[in-house]
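**Q** Okay, predicted coordinates and the sequence, questions at the end:
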Amino acid sequence: MSKPISLPARLDVDAACDLWAECAQAEGPLVLDAAALRHVGAAGLQVLLLADRIQQGKGHRLSLINLGADGAARLALVGAGAAFPAGDAPITGRTA
């Protein structure tokens, strides 16, 4: 497993560009640490979903760890609650 990439508090357009650059360089299963995540914009959501899709194509799964209530609520607000469900265990992206 690769070293977790820490998500910023605000995953907006600027942060999404930076995140995409980091995701593109990652090798092996991609792990994103969402402990600080408080806001997810459309560009941020697109990066998360695309990174998940690319991971699936490589036979891996995108994992979101440390997703708190704020982050989970924000993902649900933008329609991604089912893609990245909340729970006590490490959170993984969808498999289909």
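**A** Everything's here; your move.

**Q** What helix or strand is the most centrally placed residue in the chain located in?
**A** Centroid check for the chain by C-alpha atoms, centre = their mean gives Leu48 as the closest residue, at 4.5 Å. Here Leu48, judged by DSSP states H and E, is contained in helix 42-57.

**Q** got the contact list for that helix?
**A** 11-13, 15-17, 19-20, 23, 29-30, 32, 40, 61-62, 64, 75, 78-80, 83-84, 93-95 (C-beta atoms under 8 Å, 6 or more residues apart in numbering). To be clear about C-beta, it is placed using only N, CA and C from the backbone, and glycine gets the same treatment.

**Q** can you check stretch 4-11 too?
**A** Applying C-beta under 8 Å, 6+ apart, the contact partners of stretch 4-11 are 15, 19, 22-23, 26, 30-41, 43-45, 47-48, 65.

**Q** From these, which land in helices?
**A** Among the contacts of stretch 4-11, the residues falling in helices (DSSP state H) are Ala15, Leu19, Glu22, Cys23, Ala43, Gly44, Leu45, Val47, Leu48.

**Q** Can you tell me which of those are buried?
**A** For the ones in helices among the contacts of stretch 4-11, a neighbour count by 16 or more other C-beta atoms under 10 Å gives the buried set as Ala15, Leu19, Cys23, Ala43, Gly44, Leu45, Val47, Leu48.

**Q** Please tabulate these in JSON lines, including the columns pLDDT and distance to Ser6.
**A** Compiled in JSON lines, these are given as follows (pLDDT from 0 to 100; distance: C-beta to C-beta, whole Å):
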{"residue": "Ala15", "pLDDT": "96", "distance to Ser6": "11"}
{"residue": "Leu19", "pLDDT": "96", "distance to Ser6": "10"}
{"residue": "Cys23", "pLDDT": "89", "distance to Ser6": "12"}
{"residue": "Ala43", "pLDDT": "93", "distance to Ser6": "18"}
{"residue": "Gly44", "pLDDT": "92", "distance to Ser6": "14"}
{"residue": "Leu45", "pLDDT": "91", "distance to Ser6": "18"}
{"residue": "Val47", "pLDDT": "94", "distance to Ser6": "14"}
{"residue": "Leu48", "pLDDT": "92", "distance to Ser6": "14"}
